[in-house]
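*Asks:* Structure for the following, please:
(one chain, ligands or ions: 1)
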Amino acid sequence: MTDKRPTLTIKPKAASARPTKPAGNPAAQYARPKPAAKPERKLDAKPAAAPNKPAAAPTPAPRPSYEVKPQFQQAYRPDLPGDSLALALLGAASAVAQVRGGTALPQALSNVFAAFGATPQGRGAIQDLAYRTMRGLGRAETLLGLMTTKAPDVPMLVGLIQCALVLLDPPAGEAPAYEPFTIVDQAVTAAGNHPDMAHAKAMVNAVLRRFLREREELVATALKQALAQWNYPQWWIDATKAAYPRDWEAILAAGNRHPPLTLRVNTRKISLEDYLRQLEQAGLEADQVGPAALRLKQATNVSQIPGFHDGLVSVQDAGAQLAAPLLGLEDGMRVLDACAAPGGKSGHILELANVELTAVDADPQRLARVGDNLGRLGLSATLVAAEAQSKDWWDGQAFDRILADVPCTASGIVRRHPDIRWLRRKTDTRQLTTLSGEILDNLWQMLRADGKLLFVTCSLWPQESEAQAAAFAARHTDAVRLDAPGQLLPASGAGLDHDGLFYALFQKRAA
Ligand SMILES: C[S@@+](CC[C@H](N)C(=O)[O-])C[C@H]1O[C@@H](n2cnc3c(N)ncnc32)[C@H](O)[C@@H]1O
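*Replies:* Got it, this is the predicted structure:
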């Protein structure tokens, strides 16, 4: 047990209801925490602006609430019923706090599941709430800032209130998952159950009840801020606006939608029509969103998907399914998948032709998943754990085709990974662009004359995609740029549903 006391204090109503003077960039709260930073213990001393000040951008005073070192007891196992909302809130709060500390959400969730000894039902509830909170975090953070004057010094306490606010304040058109009084009651129970938060029970109760009382006013004030309106850090919003002055709102909105479950039919084993019949027999409805892509109307566990374990289908976004066909594969070719894990595109390559595939990835653990995925499909490749910007691992024999699905910010797949926006820093783009440029230059030397290299990113930022492709073409005068989709913006609708991806195809001019 810790004797730490929560120090969050609640703003009086009058102060919170009034627009406050913009006092800094609220997105600064989303900077990655500096590990050595000391908790900021000062009270927010900024007075609220007079009501007749310009009300265009009322901003709660910035609070460095994430510049504290995570202190929560991650290994603590709560004494709560496995199927209770309190347990789900506590688990999701821990996951949110870990994300704010720099851990990717899937890893954070697996830490929570292990620490809590969560049942399958409990895992589902924790995961659902954590993902919802990632999509509503900007709004919850802003609301919390409007109701409190001081940075809570326990990150998990912040996470708990934010998770509860997300449940109390669902997105427009979504029905609340629970009665408000149940959410408040369970959040208080959750706080009371955790040694780091037990003393904050009354405060959790007060903040959440205050939100219920003043909801309309608080939400209206919060929504004047882009952070709350879009649920992305300000730099991300600015970058999207700068790159897509016409489409930025649609792009941000697309990233907040729930992703579909899209299947790739293994046409080596079964036709699309025959597989659609199998789905129908299993009571699953789907529509076609690509040559071999079927979007399930209702997402389901893969164990319920007919033929999944026999390799009839794989889970893959329809946009990602464009990669392998663009390579123009023929039997007998030597093909390199240079950043292969977890193997979605490797599997598709091997489904399309009998090629000799080498799958490289810098992360040995992720590379093992390529083996698992190919095993399920009954296919195989040479797996190499190595860096694609190095030649150490190469036997010197040129490849006929190279797929370079390079590491990037993943800004095009935020609907599937809503934590990415809170984990990334603005400077990541530059670092990743430098690395991917090195990878492309290195791989180009491994391509035979007349061979083709497909450059792919799941990014929306032009620096990582089109500008990188153009710079590559300028550096390599023997590179001929062929037709490819270029930048695909995230889209969903009738007969269409894909993430944001970029494709550029190059052929090496014969000497
Ligand atoms: C976009 S993902 C690849 C997705 C994969 N092509 C698929 O379709 O399933 C990028 C991959 O690049 C790997 N990676 C990161 N840096 C790398 C490097 N320097 N060399 C090779 N692989 C790298 C990551 O481990 C990650 O698995």
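
*Asks:* residues contacting residue 340?
*Replies:* 346, 359, 360, 361, 367, 370, 383, 403, 405 (CB atoms under 8 Å, 6 or more residues apart in numbering). Quick note: C-beta positions are derived from backbone N, CA and C, even for glycine.

*Asks:* May I see the domains of this structure written out as residue ranges?
*Replies:* 13-231, 241-257+327-511, 260-316 (automatic domain parsing).

*Asks:* Wait, a strand at residue 360?
*Replies:* Yes. With DSSP: H, G, I helix; E, B strand; the rest coil as the criterion, residue 360 is assigned to a strand.

*Asks:* Tell me which helix or strand comes right after the helix or strand hosting residue 159.
*Replies:* Assigned by DSSP states H and E, residue 159 belongs to helix 155-168. Next helix or strand after helix 155-168 toward the C-terminus (DSSP H and E): helix 180-193.

*Asks:* hey, C-alpha coordinates of whichever helix or strand comes after that following helix in PDB?
*Replies:* Heading C-terminal from helix 180-193, the first helix or strand you meet, by DSSP H and E, is helix 201-222. Extracted C-alpha coordinates of helix 201-222, given in PDB (Å, rounded to 0.1, in the frame of the first residue of the first chain):
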ATOM      1  CA  LYS A 201     -13.100   8.200  -3.800                       C
ATOM      2  CA  ALA A 202     -14.900  11.400  -2.800                       C
ATOM      3  CA  MET A 203     -13.200  13.400  -5.400                       C
ATOM      4  CA  VAL A 204     -14.100  10.900  -8.200                       C
ATOM      5  CA  ASN A 205     -17.700  11.000  -7.000                       C
ATOM      6  CA  ALA A 206     -17.700  14.900  -6.900                       C
ATOM      7  CA  VAL A 207     -16.200  15.300 -10.400                       C
ATOM      8  CA  LEU A 208     -18.500  12.800 -12.100                       C
ATOM      9  CA  ARG A 209     -21.600  14.200 -10.300                       C
ATOM     10  CA  ARG A 210     -20.600  17.700 -11.200                       C
ATOM     11  CA  PHE A 211     -20.300  16.600 -14.900                       C
ATOM     12  CA  LEU A 212     -23.800  15.200 -14.800                       C
ATOM     13  CA  ARG A 213     -25.200  18.400 -13.200                       C
ATOM     14  CA  GLU A 214     -23.400  20.800 -15.600                       C
ATOM     15  CA  ARG A 215     -23.000  18.600 -18.600                       C
ATOM     16  CA  GLU A 216     -24.500  20.800 -21.200                       C
ATOM     17  CA  GLU A 217     -22.400  23.900 -20.200                       C
ATOM     18  CA  LEU A 218     -19.200  21.900 -19.800                       C
ATOM     19  CA  VAL A 219     -19.500  20.100 -23.100                       C
ATOM     20  CA  ALA A 220     -20.300  23.300 -24.900                       C
ATOM     21  CA  THR A 221     -17.200  25.000 -23.400                       C
ATOM     22  CA  ALA A 222     -15.000  22.000 -24.100                       C
END
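
*Asks:* Pull the distance from helix 201-222 to the chain's centre.
*Replies:* 28 Å (CA atoms, centre = their mean, to the nearest Å).

*Asks:* Between helix 180-193 and it, find me the angle.
*Replies:* Going by axes from the mean of the first three to the mean of the last three CA atoms, to 10 degrees, helix 201-222 is angled at 130 degrees with respect to helix 180-193.

*Asks:* mind listing what's buried in helix 201-222?
*Replies:* Neighbour counts using 16 or more other CB atoms under 10 Å place 201, 203-208, 210-211, 214, 218-219, 221-222 of helix 201-222 among the buried residues.

*Asks:* Also stretch 275-288?
*Replies:* 275, 276, 278, 279, 284, 286.

*Asks:* Same question for stretch 182-190.
*Replies:* Buried residues in stretch 182-190 (16+ other CB under 10 Å): 183, 184, 185, 186, 187, 188, 189, 190.

*Asks:* How many residues are close by the residue in the stretch 51-200 of the chain positioned nearest to the ligand?
*Replies:* Going by CB to the nearest ligand atom, the ligand is nearest to residue 104 of the stretch 51-200 of the chain, at 12.2 Å. Residue 104 has 13 neighbours, counted by other CB atoms under 10 Å.

*Asks:* contacting residues around it?
*Replies:* Shown in contact with residue 104 (CB under 8 Å, 6+ apart): 417, 419, 423.

*Asks:* which parts of this structure sit against the ligand?
*Replies:* The chain has residues 320, 339-345, 360-363, 366, 387-389, 405, 407, 458 near the ligand, with proximity defined as CB under 6 Å from any ligand atom.

*Asks:* Narrow those to those in helices?
*Replies:* 344, 345, 366 (DSSP state H).

*Asks:* these two touch, right, the last one and residue 342?
*Replies:* Yes. Because the distance of 6.0 Å satisfies CB atoms under 8 Å, residue 366 is recorded as touching residue 342.

*Asks:* Sort out which one of the ones in helices among the residues of the chain next to the ligand lies nearest residue 508 for me.
*Replies:* residue 345 (20.6 Å; CB to CB).

*Asks:* That closest one and residue 337 touch, don't they?
*Replies:* Yes. Counting by CB under 8 Å, residue 345 touches residue 337, with 6.2 Å between them.

*Asks:* re the thing from before, would you write a PyMOL line that selects the buried entries of the ones in helices among the residues of the chain next to the ligand?
*Replies:* In PyMOL, this line selects whichever of those come out buried by 16+ other CB under 10 Å:
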select buried, resi 344+345
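
*Asks:* circling back to that earlier point, centre of the chain to the helix holding residue 159, how far?
*Replies:* Here helix 155-168 is found 19 Å from its chain centre; the criterion is CA atoms, centre = their mean.

*Asks:* Could you figure out how far it is turned away from helix 201-222?
*Replies:* Using the same axes, to 10 degrees: helix 155-168 against helix 201-222 is 60 degrees.

*Asks:* what is the mean pLDDT for helix 155-168?
*Replies:* In this model, helix 155-168 carries a mean pLDDT of 97.

*Asks:* Same check on stretch 484-502?
*Replies:* Mean predicted lDDT for stretch 484-502 stands at 95.

*Asks:* Just want the most central residue of the protein.
*Replies:* Centroid-nearest residue in the chain, with CA atoms, centre = their mean: residue 417, separated by 1.9 Å.
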